[in-house]
Structures are given as C-alpha cells and as structure tokens.
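[1] Here is my input, please return the structure:
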Amino acid sequence: SLPSFPPPTHPSIISCPLLEATASARLLSVYPSPPPLPFPPLLSTALRHLGFSPPAGIDAEGRDASPTPDLGFPRLLEPSPPPPSPLYLSRALRFFEERDRPLRMRATGEHAAAAIPVRASPSPPPHTEDDAERRRRRRPARRPKQATTPPPPPQVDAAGPSPCRSMPPMRADSRLDAAALAEAAGTSRSCPLLPTPSRMEARGPVVGTGAGAPRRLFFPPYWPEQVVEDALKRGNVFAGKFRVNAHNRNEAYCTIEGIPVDVLITGPAQNRAIEGDVVAITLDPVVYWTRMKGQNIACNPATGGVSVAREVSETNGNHSLKKGQADASCRFEKCSNGQPVPDRMHNHHKNSGFSQAVICENGHATVPANYEDLDEAKTEFARAVQRICSVIYNHPSRRPTGKVVSVIKKSPRRSTVVGFLAPFSDFPDGEQRNQMNVQGSKRMNHISSSIFTGLVQILPTDPKFPQMIVSISTLSDGIKQRLKEGDTTIWKELVAAQIDEWNEESPYPWACVVQFLGKGGQVETHMDAILFENAISDVEFSPESMACLPDTCWKISQEELGARKDLRNVLTLTIDPPTASDLDDAISIETLSGGIVRIGVHIADVSYFVHPETALDAEAQIRSTSVYTLRRKVSMLPSRLSEELVSLNPGVDRLAFSVIWDIDPHGSIVNRWIGRTIIFSCCKLSYDLVQDLISSDSSQFRSAAASLQVHGMFKHEDVIKSLRCLYEISKNLKDIRFKGGALSLDTSKPTILFDEDGAPCDSYRYKRNDACFIVEELMLLANMSAAEVISNAFPDCALLRRHPEPNPRKLKEFEAFCAKNGFELDSSSSGQLHLSICRLKEELQDDPVMFDILMFYASKQMQSAEYFCTGDLISKKDDWAHYALSIPLYTHFTSPLRRYPDIIVHRTLNAVIEAEQMYLKQRKISTGRNGVKATSCEVASRCFTGLQFSKDAAESKEGREALSAAAKKFKVPNSEDLGEAAEHCNERKWASRRAEEAGQKLYMWALLKRNETHVCNARVLGLGPRFMSVYVPKLSMERRIYYDEVEGLSTEWLEATGTLVLDACRNRPQKRGGQFRCSRAIEEVAVVVNPSELMLPEDRDESGATETVESVLLSDEAVKVEVAPAVLPMVISYLSDIPVVLHAIGGEDCPVDIGVRLYLSSYFK
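    Okay, here's the model as predicted:
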C-alpha cells in the first residue's frame, strides 16, 4: 500500500511536488469512480520515482490510453530513470493543483462553504457518455480557464502567480513555525520542506510588469531567521559560502562542513544569493542530483588554483615578487569554480570505512543503527551529515544539488560592484548576460526606453555577478542631463556601485551608483576599478593614525637600549629587490667554536610603534595587508613608519625582534634564542648582486664586488665570506626540509617590463635564483620557531597558518591526466608528490612546455592556506598542519610591515617572553650573571622560548599567573576575537591576491593592446566538435578557441581518432529549419594571412638572432613574425603545438581580457 502522508491541505505538503502528487494518488483510492479529467502527467512521474507504476490504461505522459481507464491502486515497480526537467514538473504541478482543488476538498471532508464561490452559469445541455469521452480525448491536458476555477480571494500577503518556473508554488497560508517545520522535516530528511514567510515590500516598479499588473514572484521568499536557526540545529538546513562559477553563472557551489562533495545550486534555486554570501540551503532528493564530473570519488572540499610556490614564497616577505614592483610576476590561473577561492572552509571529517557501513534498502542508502560513527554523533546535525555522507558514498557518480532558502550573512562584495551602465530594456524571463557583448549602436537605440522607464542597468565586469537595475532618480543631476541629451558615451564609463536589495518580485537586484570611475579602456581607470571591487582603499592615513607615530626627531632611548640585546657588532645585512623601500628583515651570521654557526633572523619591531587599541592599529587591521599591483602600492602602514622609522636601512641603528639559532655542520639546531634586539645593518644587497657574489664565475664576481657598499666596521671580504657561508647553510636546511616531505611547485613565471614612462613594453619569464632561497629557508625557519613558541604557551589563542591537504578527487584526476600521457605520479603524500615531480622534470628536459602544463595542473589541485585561531580547532590538532611544508605548526612572523597577522604574532611572542621572565623571577632564577646575557644558565632557564618547552612550568600556578598577566599586558586577543581577526585577515589576503592577479592581467592586456597582436605557440590540451582548449606558455594560462559555425571555415571532428580537421570553406551558410544559422566571422576565430604577403626573415646577424619582420594581415593589422602560420587544411590532435595570436579584448565597454585566435595562412582569404 501507499505510505501514509498528512492530509494534502497540510502546509508542509504544499511545497514538495512529489509529496503533493503522492497525496493526490492517495486521494484517488477513496473515489468510487474515475475523476472527470485525464490522469495528470506529474502524478505519473511522481509515482514512478516513488516506486509505483501508473494504473493500467495510462501512458507515460499521463494521458488516457484506453476507453475505460482503470484507476485502481498502483502496484510496486523498480525505481525509474531521473525525472523530466523542473520546468516541466512545475508546469504540470500548477495544472494539477488548479484542476484538483474541488477533489481535494471533497476527499478531505471540507465543507462546501470552504469552496470559492463562482458566478452561476446556465446549465449545459445534456450530453451522452460518448460525447464526454470524445471531449476528454481532444483536451488531454488543457488548463481550465480562470472563470471555471478562479483563484482564492487575494489576501494581504497573497503570493500571486507562480513564483518561479522551476520552484513549487508558494501558498499564502503555508507559513510554518519551528514546530511545524520539524513535523514536515520528518517526511523527507534529504529534502526539508520550505515554509513561506511573509515578504518584504517590493522596491520601486516590478521588473517585467507595468503599473497595475498583478504582482509576480520570481523567487520564493526567504525563511524566517528563527526557523533557519532551528533547522540548522536539526540538520534540515545547512550553511555554506556561496561560490559562483565564473564561466557559467547559472552554476554555484556550497561547501558544507562534514560533507565531502560540494553542493551544486543552479538557476532559480540560487534564490538571489550573491557571490560570497553565507547561505542556508536544503538538499534535493537523490533523484534530482546531477552526474559528477571527472573521477567519481568522494573528496574533501578544495578551492583549486592555489600555487604552493606562491604560499612558500610569501614566507620571506615575497622578496622576489612583491617588494620590487617591476619584479612582480604576471600569472593567470583558471579555477574550476571561478575563483582561486579561496574563501572556503576546509574542515576535515572522519569518513574512512563509511562506505562499508552503508546498507541499501529499497533503493535508498541507510546506515545501521549500531554503526559506531553514528553513535559518536551527539547532535541531530551530526547525524544528518552522516546520513548524507552515506548517500554520497552509495551514489559516487552523483553530485548533491540544493536550493537557497535564506541568506545568513551578506557578502561584503555586494558593496563593491564594478561595471558599465547600459540602457534598460524589459527582458523576458532569464538573464541576458550576453548583453555585455551587445554593440554600442544597439544600446543607443534603447536610451529612450531607459528614459521612459526611469531605469538603467549595470553590466558587472565580474561574470559572477548578475546584471543589476538602477533607478535614474538616484543618479546625479549631471548624469541625468547626459541621459536626457542622449549622450551615448556614458555607456563606456566604468561605474562603482553597490547592491541595495533584491526582493522576490524582481529578477535582478537593485543597485545604486556610488562613483563614476572614468572612461573604459584606460589602465588607470581599470586599476581604480580593481581596487574598488576588492575593497582596497588607497586614501591617505587619517590624522588620528598619523598622530600615533613618534616625532620626527625620535631616537632610540638609552632605557630601550638597556632592555634589549645589543647585536650592533654582529655582521648583519639585508637582501631585497633593488626597488624595495620597506626592509622588514635582516640576516646575521657569526662563527663559533666547534664548527657551530650562529644565524640570526631580525625582523623590524613594528609592535613597538603600533600599539593595540589605537587609531593606527585599527586602520592597519582594517587594511590587513599591503597590496602590490606592479605600478602601484597600497601600504598597510604609513610610509614614514614602514620606510623610515622601522625599515632596517643600512648604516643606522634599528629596533628588531630576533630569532637566533646555533647550527652544527650537519644542519641540526643545537640552541635557540628569541627576544628583542637592536641591530646595525652594514649593507643592502639585491638578489642579483648576491647571486653574482656567490657565483663561481670570476668575471661576475669581480663586477659585483666592485659595486658592493659596506657601512660600519666590516669589510667587503667579510660580507662575501658570510654570504657564501649562508648559502651553504641554506642548502643544508633545504635538503633537510625536502627529505622531511616538503613539496615545491616552483616554476618560472611571466613578468612584465616597463619603459621610462611607466608603460608596459615587454615581458619575459622570471625564475628565482639561489640568492632567493637563502632568504626563503631562513624565513621559513623563523616562522616555524615562532609558531612552536606561541602555540605551546597559548594553545587556545595563538594565530597560526594552516594548509589543508589537496582535494582527493582532483588529485585522482591529475593522476589520470599524467597516466594518460605516460607519466607516473605518486600523490600519497606531499613528499612522494615532490619526488614524482622531480622525476618528471628530469624526463621532460627536452619538453619544458609539457612540464609547465603539469605544474599548471598540479597547482590547481592545491587548497588555499589560511590563518586560524588554535582555539577554534583545539580538538582537531591534526588540522593545524601545513601540507606543502610538511610541518605540524606554522605561522607568519617575518613581514609585519605588510601583514597584520605578523603584528599579532609579535605581540603574542612579547607576552611569552614577558611571562617567561616573570616566571623565572618568581622562581628566583636569574636570567644572567653580572650582566652577561648569553650564559649556560640563561640557556637552561628559557622554559618557554627555548628548544624544549617546559609544560610543567606552563601548567604550574606561577606559570599560569605569569602567562595570564603577560597576555593582559600586551593585549593578546581572546579566542573569539582572534578567530574574527583571522577570518578578516584571510578575506583581505584573498582580496589582495585577486587585485594583484587582476593588475597583472591588466598590464599584460595593455601590453598586447599596445603591440596590437603577438604570435606564439600553444599546446592543445583538449579537442571537441565545438572548441579546443590550449595552453599558452608565454602567459602560463589556458584559453579556449571556439570554431563552430564560423563563416568561411569548415570543421570535421573525427571522434574515433580524436582529431580535428580545419579547412577553408567558400560555401554559403547552411540552413537549419528553413533559416540561416547564426554564424560568426572568421576574424573572431583566426588571423588569416595570405602567403604572398607573408615575408619570412632571410638574413641573420652574426649573433644568430632572427630579424623582426612585420607582415600585413588582411585585417590591416601588423603581427611580428615569430612563428610561422599554419596552412589550411589544418589537422589538429591532442597535445600538438599550433600557432596562435594573442590579442587584447574589451576595455571600452566590456571587461578587459586576453583572447587567443588561430594563426593561419591561406590563398583563399
């Protein structure tokens, strides 16, 4: 028999189509005679997917297939294929509901007075049964007119017509409190039912309807806040960050803690969520889940597209990339979900062995009641997560889908939208994202429509955002006048805007323009736009912040000198890019007896000048990080502080925070000291200069030694000897680190050069030299030491940095990619992955492009590193680890001039040092004898900062009191505040990374625009009947070339061999359905040159360099001939090299981008 469900008029049933149809099927059993209309399609579909077959005489579409249909009880069948589209289901459901409203009332025993009164009409003439049967066959599924079954009378919050084509209809009487929702949730745990809260007042005119038109809902209303909170606790609703696919805005993903696969949210189910929102979602039944792309295995969440090399390079302040503006690299990475996003949670969960505990009953996955992991789950939410995990492991080829029911926390990116204004036109249902490609002349034709409606639209430059509506009344008087005068240049200006609201009665969000940034196509305008959309402010520091700095005549006091360790007589130097002005780290070296070398890392003591709870500290925390965009720098701290007072410039005394190690000849650390010092840097060196000084080339050495400038008591020979000793020690440390399982994905990166006027003039591939690794290894060691000390002393409130393991599913895909190309890869650990990459590098010495491709894909498997408070993961210490470095504890300590987390770590270290001194004082242990600060007694007394942390001392009464008092003195934040600070620092870190990458892309775009086009080779990574995917080594990026339906170009896709044949075609476009196909011009896909006009270089100079020859293209463009064009017909296969042309796209009225076209030669052109 059918399962028992609540009555069909119960509000919990209204929102679920399958339950609605099932309830109606149950009603059929109480009817002694067939209903007056044919069997509805939705009921047939619903019964099939609930395991039942339709009655005899009913076809697959629900129509009558026999003269006398048998509407007896359905019989049990096997589960059926996936259901039809949501659009079909929703339309069928609406028809079924309107048709069956009288039947419901009679079946449930409702009074006749409950029926809606209908105006009386003359009774129709009598008909025979044959006439009635013929009428039913002629109208199998026509919806009755409104006069026949009118809607219920309007109420204050009546929902009106269907809210959304793919959503179930919402009823005005279907509000639910928490208790009602709990009752409804018991019906379907995998698909919690949607209550219908009261709606907000709609703002302005309803888009798509005129004045006086019936109110239309494009989206269902959000759930009430209290209902969402209760549903989250019970596991009926899940929270996650909303991430939109940059390549397809119709797709979005949410990561739910504990669920190993991201949840897909498509189309109207996104329910007005914006990129970066924290949303509440419900999961759809399994039959609605989509097929998983790629390898079918469950995996931990990942962001993708994160470079391990970049994460490691930031440990030394990113000397080679960030500090020198002209030395920054230009790199582009493609992300599977639209962002190197890095703004996702990475909480691991225990799932080993879970699939073996799953039992399949009646086609549904269940978990035994005695399963130990389920017993361990103390909360309803944990049990719900485990139930979903069991379903996922039982259906590995399916990706969960869901729908947004509420926005818990709005994304800050709602206030930082950048785009172009465009005339408003009343679009039909669905977004017109292609409006970004509409020609300017077409937009001009709609300017009168915008004036008439009083609306304009914003086309965001970020494809993750929907188009937006702006009321002309909110614009300035000058803009209104320009619109009234028909000034079409306004459509080519970039605007900064923010989203005000998005109610369910509008298909697009309402926004207001904050600022006009300037004319599109200009580098400065687009750079301002990049900073705005990432909420990066380059305004001057406030007077209150500047007042926190000391006077211009400030000098180090004698009292401060006496409180610090004096290292001015130790050889100390800095190694930075030549253009660096904020020097926040220095290195010292001393040679001791027995082959012991004392190495010191000295960091600018920023915490001495930036005190907690001051205006300067607040502004630095808001900025969180310095941003470097090649030609522009946005500092976290005022330049007077970062470049003068604190910067470790040569020849002057500076305050520092130091970590000093004694290292034996084998690279082992035998002693460690951490504390506040005063240093004197004897010279400032660049990476290239250091490389020449440690080089074995005598000519390079002599040239570098002549340019060396040394301050103070040391000589040139002392500096050179120290550098070579540092190089040998760094090599030992690096070898030890990689033997311990560290991973490196470091490759050369594209870099842009600028001329004297600041315009991009050229690009080259930059590869770090050995001098960079000297600094990197020592900074890594300092960060690890700081992390160990603060996490031991303050296990609940230490700020650390963790790097989760890669996404297992993506790793499997990468392994499959390598295996497909004949490469062996072991990704069982970071160390094994590094060894595999080293072997691949040796194998591919003759094919560096293929190795770059492998590194490109390997980087995309990595997750983002993030700051976190140890108190938030106090029970999950395994999640503290750093995967790439293969170490259990890590933090950022070495760049306080450009990273706010480093300042927090400095304050925490100060508290640990203070607590250590207080504890020793209480225990009556002297920290030194006769003023000597480096004795063996001192080494033995370092219970908190030494190599061996004394847990007994920390847990003793004196130790706890000392740590607590020191934390209050230096205002170490508690767990809750530190967690919020870590989250903010992560968000600002990712925003700065987006800005830097966008700035690099912008200058590369400007370079290509200046040079018009650039010819180079590309490697084919994917082929198909419509497009190919190519990797461009010149820019380290992946691009697509679409060649379907191109006028003058014929394509033949040979699927059996995976080969594509391109040839010239002079035939007219083919007709499809009596109409010509919409074809594109060949210039959009390829640059075609005539061989007779192509001049190849014939002469070479004595050095063997090829002359630069310009060829005239048919499109009157000049291309530098570096690669010969391909000849039609062109046969393309997987991993073949093809000539392409890089060119700049957009800028004036659409986003800037870099396009790739084929480079062809043909006499037919």
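
[2] can you map out the strands along the stretch 201-350 of the chain?
    238-245, 248-254, 263-266, 278-283, 290-291 (DSSP state E, counting those that start in this stretch).

[3] cool, the stretch 901-1050 of the chain as well?
    Under the criterion DSSP E, counting those that start in this stretch, the stretch 901-1050 of the chain contains strands at 1013-1022, 1027-1032, 1037-1042, 1049-1054.

[4] For R398, find the nearest of those strands.
    R398 lies closest to strand 1013-1022 among the strands of the stretch 901-1050 of the chain, at 24.3 Å (C-beta to C-beta). Any C-beta I mention is one placed from the backbone N, CA and C, and that applies to glycine too.

[5] Which residues outside that closest one are in contact with it?
    Applying C-beta atoms under 8 Å, 6 or more residues apart in numbering, the contact partners of strand 1013-1022 are 849-850, 853, 1008, 1028-1034, 1038-1039, 1087, 1117-1123, 1132-1143, 1156, 1159.

[6] what is the orientation angle of that strand with strand 1027-1032?
    Relative orientation of strand 1013-1022 versus strand 1027-1032 (axes from the mean of the first three to the mean of the last three C-alpha atoms, to 10 degrees): 120 degrees.

[7] Let me have the strands of the stretch 901-1050 of the chain in JSON lines, adding mean pLDDT as columns.
    Formatted as JSON lines, these follow (pLDDT from 0 to 100):
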{"stretch": "strand 1013-1022", "mean pLDDT": "90"}
{"stretch": "strand 1027-1032", "mean pLDDT": "93"}
{"stretch": "strand 1037-1042", "mean pLDDT": "91"}
{"stretch": "strand 1049-1054", "mean pLDDT": "90"}
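
[8] Of all the ones you listed, which one comes closest to V418?
    Closest to V418 of the strands of the stretch 901-1050 of the chain, according to C-beta to C-beta: strand 1037-1042, at 22.0 Å.

[9] Give the rounded mean pLDDT of the host helix or strand of V391.
    Following DSSP states H and E, one finds V391 within helix 380-394. Taken as a whole, helix 380-394 has an average pLDDT of 89.

[10] That one to strand 238-245, inter-axis angle?
    Interaxial angle, helix 380-394 versus strand 238-245 (the same axes, to 10 degrees): 50 degrees.

[11] by contact count, what packs against helix 380-394?
    Helix 380-394 makes packing contacts with helix 225-234, strand 364-366, helix 372-376 when contacts are defined by 3 or more C-beta pairs under 8 Å, 6 or more residues apart in numbering; DSSP states H and E.

[12] Show me the shaky parts of the stretch 801-950 of the chain.
    Residues of the stretch 801-950 of the chain meeting the criterion pLDDT under 70: 925-941.

[13] what ranges do the helices span in it?
    Using DSSP state H, counting those that start in this stretch, the helices found in the stretch 801-950 of the chain span residues 808-820, 830-843, 848-860, 900-922, 936-941.

[14] tell me the most buried of the ones you listed?
    helix 900-922 (a mean of 23; mean count of other C-beta atoms under 10 Å).

[15] does C725 belong to a helix or a strand, and which?
    Using DSSP H and E, C725 falls within helix 716-739.

[16] From the rest of the structure, what touches that helix?
    Helix 716-739 has contacts (C-beta under 8 Å, 6+ apart) with 571, 573, 587, 589, 591, 597, 599, 663, 666-667, 682-683, 685, 690, 693-694, 705, 708, 710, 744, 770, 773-774, 776-778, 780-781, 831, 834, 885-886.

[17] Just the angle for that helix relative to helix 830-843, thanks.
    Orientation check (the same axes, to 10 degrees): helix 716-739 against helix 830-843 gives 110 degrees.

[18] one step back: compare the helices and strands packed on helix 380-394 and say which comes out lowest on pLDDT.
    Of all the helices and strands packed on helix 380-394, strand 364-366 carries the lowest average pLDDT, namely a mean of 35.

[19] Helix, strand, or coil at the closest residue in space to T891 that isn't next to it in sequence?
    Leaving aside its sequence neighbours, T891 sits nearest to A787 (C-beta to C-beta, 6 or more residues apart in numbering; 4.0 Å). Recorded secondary structure, A787: helix (DSSP: H, G, I helix; E, B strand; the rest coil).

[20] mind checking how far A787 is from T908?
    A787 sits 10 Å away from T908 when distances are taken as C-beta to C-beta, to the nearest Å.

[21] next one: Q386
    The gap separating Q386 from T908 is 37 Å, by C-beta to C-beta.

[22] again with L571
    Counting by C-beta to C-beta, the gap from L571 to T908 is 30 Å.

[23] same question, Y919
    According to C-beta to C-beta, Y919 stands 16 Å off from T908.

[24] Give me the common contacts of A787 and T908.
    A798.

[25] So what pairs up with the nearest residue to D1137 once chain neighbours are set aside in the strands?
    By the measure of C-beta to C-beta, 6+ apart, the closest residue to D1137 outside its immediate chain neighbours is N1017, 5.0 Å from it. Beta-bridge partners for N1017, by DSSP bridges, are P1139.

[26] Now for N1017, how many residues are close by?
    16 (other C-beta atoms under 10 Å).

[27] ok, now D977?
    Around D977 sit 12 other residues, with neighbours defined as other C-beta under 10 Å.
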